[in-house]
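S.K.: Return atomic coordinates for the entry below.
(one chain, ligands or ions: 1)
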Amino acid sequence: MWHAYLWLHCYRRNVRHRIRLTVIRYIGCSDSRVPANEIMGLEAGEVFVHRNIANLVPNVDLNVMFVINYAVRHLQVKHIIVCGHYNCGGVKAALTPADLGLLNPWLRNIRDVYRLHEKELDEITDEGSRYNRLIELNVVESCRNIIKTAAVQQSYRDHQYPVVHGWVFDLREGLIKDLKIDFEGVLEDVKKIYSLSSDLNRK
Ligand SMILES: [Zn+2]
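M.R.: Residues are numbered from 1 along each chain as shown. Next up, the predicted model:
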């Protein structure tokens, strides 16, 4: 868990006093118990934040897509962090067989994550552990959706940034777990189907 904190500590020491720029893009849950600046120990202006229920990155959500595009192409952020949290009410609601009205299409994205990882999740017999793992996999899939965007693919091809990270915040312990997303591995993996640049393989 401390890996994420150490990374931030070193990162702040290197960057904060050198240039005051928003270099981190954060996508997190709307849950007010998870304030982006505070959990990372950063100050205002150091992180560009977008939040929604269960930190989702649906490709048809123009709000989140616009923010990613702006952060990558105009702010030229070096790191994009998707941060979920254990005990996420949004993920729990998606596991509940109930008609939640307007929330249904939003939560469907989380049910789709379950379907993608059905075998792994079904093998976890403990309900709490299965819930926690779905929260982690939901972050992984949000990271994957960010890597599928043209802005990220083209920027990484030309500048070797941004790098996408997946974290989960533990409200009880106050610690961040780094899911250690293999950014280049995922990028390579999604290229076959999701490449949005005909010369993406050009170095
Ligand atoms: Zn949440």
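S.K.: Every contact and neighbour count from this point should use C-alpha atoms.
M.R.: OK.
S.K.: and the gap between the residue of the chain found nearest the ion and L134?
M.R.: Proximity of the chain to the ion (CA to the ion) peaks at C88, 3.6 Å away. Counting by CA to CA, to the nearest Å, the separation of C88 from L134 is 10 Å.
S.K.: And the ion, is whichever strand or helix holds L137 touching that?
M.R.: With secondary structure defined by DSSP states H and E, L137 is part of helix 127-147. No. Judged by CA under 5 Å from the ion, helix 127-147 makes no contact with the ion; its nearest approach is 9.0 Å.
S.K.: buried stuff in that helix?
M.R.: By 16 or more other CA atoms under 10 Å, the buried positions in helix 127-147 come out as 130-147.
S.K.: which ones are touching the most centrally placed residue in the chain?
M.R.: Averaging the C-alpha coordinates of the chain gives a centre point, and the residue nearest to it by CA atoms, centre = their mean is V82 (2.1 Å). The contact partners of V82, by CA atoms under 8 Å, 6 or more residues apart in numbering, come to 26-28, 55, 139, 142-143, 164-167.
S.K.: same question, I39
M.R.: By CA under 8 Å, 6+ apart, the residues touching I39 are G174.
S.K.: For the one helix or strand Y70 maps to, name the packing helices and strands.
M.R.: For Y70, the host element (DSSP H and E) is helix 62-73. For helix 62-73, the helices and strands in contact under the criterion 3 or more CA pairs under 8 Å, 6 or more residues apart in numbering; DSSP states H and E are strand 47-52, helix 150-159.
S.K.: and the ones you listed as CSV, adding mean neighbour count and mean pLDDT?
M.R.: Shown next, in CSV, are the helices and strands packed on helix 62-73 (neighbours: other CA atoms under 10 Å; pLDDT from 0 to 100):
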stretch, mean neighbour count, mean pLDDT
strand 47-52, 18, 90
helix 150-159, 18, 94
